[in-house]
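Peer 1: The sequence and its predicted three-dimensional model are supplied below.
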Amino acid sequence: MARHLSAMKRARQNKKRRLRNQSRKTRVKHAVRQVRQAVSLKNLEEAQTALNKAVPIIARTAGKGTLHWRAAARKISRLTQQVNALQGSV
């Protein structure tokens with residue numbers, strides 16, 4: 001356990017940041033899951049709506065530094081490809 005005042009403050013800050021990052025990552029995972037679920041059900045309208053909701057969530061999470069910007073770009077790209085492939089098959 002931390003004993004110095006600055007170390008105790010750092011521990012409090014780390015706890016807050018960990019919980020905040022955990023919440024953001026969970027939000028991203030749920031958004032991605034909704035898009036993938038709509039794609040697997042071959043529901044184009046639902047997939048496009050879910051994608052439109054997921055992209056800003058992923059981008060915002062990357063902007064805050066919780067997710068690496070390249071990882072975010074990769075997630076957005078892959079989800080978009082899946083929805084576009086669904087659009088081409090329908």
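Peer 2: Ah, there it is.
Peer 1: how about the host helix or strand of Val55: buried residues?
Peer 2: Element membership of Val55 [criterion: DSSP states H and E] is helix 44-63. Buried residues in helix 44-63, counting neighbours by 16 or more other C-beta atoms under 10 Å, are found at Ala47, Gln48, Ala50, Leu51, Ala54, Val55, Ile57, Ile58, Ala59, Thr61, Ala62. Just so you know, the C-beta spots here come from the backbone N, C-alpha and C atoms, and that holds for glycine as well.
Peer 1: again, but for stretch 24-37
Peer 2: Burial within stretch 24-37, assessed by neighbour count using 16+ other C-beta under 10 Å, is assigned to Arg24, Arg27, Val28, Ala31, Val32, Gln34, Val35, Arg36.
Peer 1: ditto for stretch 63-73
Peer 2: For stretch 63-73, a neighbour-count test (16+ other C-beta under 10 Å) marks Thr66, Leu67, Ala72 as buried.
Peer 1: Sort out for me which of those are in helices.
Peer 2: Under the assignment DSSP state H, the buried residues of stretch 63-73 contribute Ala72 to helices.
Peer 1: So which residue is dead centre in this structure?
Peer 2: Val28 (2.3 Å; C-alpha atoms, centre = their mean).
Peer 1: quick one: that one and Pro56 touch, right?
Peer 2: No. Using C-beta atoms under 8 Å, Val28 is not in contact with Pro56, being 10.9 Å away.
Peer 1: circling back: contacts for the helix holding Val55 next, please.
Peer 2: Residues from elsewhere that reach helix 44-63, judged by C-beta atoms under 8 Å, 6 or more residues apart in numbering: 24-25, 27-28, 31-32, 34-35, 37-39, 67-69, 71-73, 75-76, 79-80, 82-83, 86-87, 90.
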